[in-house]
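Peer 1: Pasting the sequence and the predicted coordinates here, then a few questions.
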Amino acid sequence: MPKQTFRLTLKSTYEESEKIPDFVLDIQDKCSLNEDVTSTLMLLASEAVTNAIEHGNRSDPSKIVKITINVLGDKIITHVIDQGEGFKPEEAVDPLKDENLLNTSGRGIFLIQELSDEVEFLNEGREVQFVIYR
């Protein structure tokens, strides 16, 4: 099965992040993804893009977020790249610690790590790559 590649470039605004659902639904249609995989992909892509906009690019609309999703057989590989300063994943807040349970944010990295089959932070934390098997 040939690899299918989908790309989206967004300005670092929350309005731009609203393009993610249609982007993922287009991939679902073109690659015949089932509902569970589509829902997971939509959630994880949205979380990764939100993190890139808010934490990576500090909501600076002059900076962009690039999303690339490759579908290769049963493997869906997503890359989200920002233009920020990067971060150390091991320093991310643990949302399961008692002092963080009531926080209204801070769960994006946790969700990506828990719901992906594979996850890797690259380029000093400016890029997240996650894999979902369908």
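Peer 2: Thanks, I have it.
Peer 1: buried sites along stretch 35-44?
Peer 2: 37-38, 40-44 (16 or more other CB atoms under 10 Å). The C-beta positions use only the backbone N, C-alpha and C, and glycine is treated the same way.
Peer 1: could I get these as CSV with secondary structure?
Peer 2: Converted to CSV, the buried residues of stretch 35-44 look like this (DSSP: H, G, I helix; E, B strand; the rest coil):
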residue, secondary structure
Val37, helix
Thr38, helix
Thr40, helix
Leu41, helix
Met42, helix
Leu43, helix
Leu44, helix
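Peer 1: CA atoms only for the helix or strand of the chain with the lowest mean pLDDT, dumped as PDB, please.
Peer 2: Lowest by mean pLDDT, DSSP states H and E among the helices and strands of the chain is helix 108-115, with a mean of 85. Coordinates of each C-alpha in helix 108-115 appear next as PDB, following Å, rounded to 0.1, in the frame of the first residue of the first chain:
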ATOM      1  CA  GLY A 108      -2.000  17.300  26.400                       C
ATOM      2  CA  ILE A 109       1.300  15.500  26.600                       C
ATOM      3  CA  PHE A 110      -0.100  13.000  29.000                       C
ATOM      4  CA  LEU A 111      -3.000  12.200  26.500                       C
ATOM      5  CA  ILE A 112      -0.600  11.900  23.600                       C
ATOM      6  CA  GLN A 113       1.600   9.500  25.500                       C
ATOM      7  CA  GLU A 114      -1.300   7.400  26.800                       C
ATOM      8  CA  LEU A 115      -3.300   7.200  23.600                       C
END
